[in-house]
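Participant: Mind folding the following:
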Amino acid sequence: MTKPSSSKPSVAASLKYIVLKTLITVGVTVLLIALLREGLAGLPWVDHVSGGHVGATILQTLAVDGIAQRQQAVAIGLMVVCFAGAVLIVRLGERLWRRS
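Facilitator: Prediction:
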């Protein structure tokens, strides 16, 4: 027996929804990474304005004494955090969208 034709549009709509949600999640991840990069680039300015050394300390901690493997691990960790944040943002947006 063949499935009713009414289920095919539902599957196609579901697939389109999943693809759209995935693209939005990737886009939000890229946006968060860009914002993080700009924020880190602005830390020396924050130190200059505030007269403190918090920004330099953060950058020094992320540099991990110039060891490339540790720097890569930190970069991967920050990307994973940005991705997790993007997933949470998209899920929250999805819930808000369904409520309205």
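
Participant: any weak-confidence spans in the protein?
Facilitator: 1-9 (pLDDT under 70).

Participant: so after the top helix by length along the chain, what's the next helix or strand?
Facilitator: As assigned by DSSP state H, the longest helix anywhere in the chain is helix 7-41. Counting by DSSP states H and E, the element after helix 7-41 in chain order, helix or strand, is helix 43-50.

Participant: quick one: buried residues of that next one?
Facilitator: Neighbour-count burial for helix 43-50, counted by 16 or more other CB atoms under 10 Å, picks out Leu43, Asp47. The C-beta positions use only the backbone N, C-alpha and C, and glycine is treated the same way.

Participant: Between helix 7-41 and it, find me the angle.
Facilitator: Angle of helix 43-50 versus helix 7-41, following axes from the mean of the first three to the mean of the last three CA atoms, to 10 degrees, is 50 degrees.

Participant: Alpha carbons of helix 43-50, in CSV - could you do that?
Facilitator: C-alpha atoms of helix 43-50 as CSV (Å, rounded to 0.1, in the frame of the first residue of the first chain):
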residue,chain,number,x,y,z
LEU,A,43,39.7,45.0,25.5
PRO,A,44,42.9,47.1,25.1
TRP,A,45,40.7,50.2,24.6
VAL,A,46,38.7,49.3,27.8
ASP,A,47,42.0,49.1,29.7
HIS,A,48,43.1,52.4,28.3
VAL,A,49,39.8,54.1,29.2
SER,A,50,39.4,52.5,32.7
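
Participant: if we look at whichever helix or strand comes after that helix, which residues are touching it?
Facilitator: Using DSSP H and E, the next helix or strand after helix 43-50 towards the C-terminus is helix 54-63. By CB atoms under 8 Å, 6 or more residues apart in numbering, the residues outside helix 54-63 that reach it are Leu40, Gly42, Leu43, Pro44, Trp45, Val46, Asp47, Gln71, Val74.
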